[in-house]
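Q: need coordinates for the below:
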Amino acid sequence: MTLQFNNRFLMASNSSDLETKRMLFPMTDAKSLPLTQDVKGAGLFYHTGLMVPRPVYFPNMAEIDIPKVVKRLVQENSSSNKFIKENYWEEP
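A: Here you go, the predicted structure:
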């Protein structure tokens, strides 16, 4: 959960107790919060402007091929020079 910028996440919301839901979403009756599918990565998300938190579903991070993603990122960024040499980097 996070309260920074008034964004609030509650993961595994179906198994969370009412007190936790009340503390995180005081603007809504905790018993009337929407249910999410009972899967990993499911939760509730609230940000300013929403009347009721809405269900969100994040991908299963265990299924992501990390070495493949890193390799792709390195290939995509290897041709561009991300660091520009400036005078303030030179030692006296």
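Q: make it CA atoms for all contacts and neighbour counts henceforth
A: Will do.
Q: report the distance from the longest helix along the chain to the chain centre.
A: Taking DSSP state H as the criterion, the chain has its longest helix at helix 66-77. Distance, stretch centre to chain centre, for helix 66-77: 21 Å (C-alpha atoms, centre = their mean, to the nearest Å).
Q: what of stretch 72-79?
A: With C-alpha atoms, centre = their mean, you get 25 Å for stretch 72-79.
Q: equivalent analysis for stretch 58-66, please.
A: Once both centres are worked out by C-alpha atoms, centre = their mean, stretch 58-66 turns out to sit 14 Å from its chain's centre.
Q: gap between the two ends of it?
A: 16 Å (C-alpha to C-alpha, to the nearest Å).
Q: which residues sit against that stretch?
A: With contact meaning C-alpha atoms under 8 Å, 6 or more residues apart in numbering, stretch 58-66 is reached by 40-42.
Q: can you classify the closest residue to residue 36 other than its chain neighbours by secondary structure?
A: Of all residues not flanking residue 36 in the chain, residue 55 sits nearest, at 5.8 Å (C-alpha to C-alpha, 6 or more residues apart in numbering). At residue 55, secondary structure determined by DSSP: H, G, I helix; E, B strand; the rest coil is strand.
Q: from residue 74, how far off is residue 55?
A: To residue 74, residue 55 is 34 Å away according to C-alpha to C-alpha.
Q: circling back: which strand residues bridge the residue nearest to residue 36?
A: residue 44 (DSSP bridges).
Q: hang on, residue 31 packs against residue 18?
A: Yes: in this structure, residue 31 is within contact of residue 18 by C-alpha atoms under 8 Å, at 7.2 Å.
Q: more neighbours, these two?
A: Set residue 31 next to residue 18 and count neighbours by other C-alpha atoms under 10 Å: residue 18 wins out with 14 against 9.
Q: any idea how far residue 69 is from the closest residue to the more buried one other than its chain neighbours?
A: Once flanking residues are discounted, residue 18 sits nearest to residue 30: 6.1 Å by C-alpha to C-alpha, 6+ apart. Residue 30 sits 39 Å away from residue 69, going by C-alpha to C-alpha.
Q: many thanks, we can stop here.
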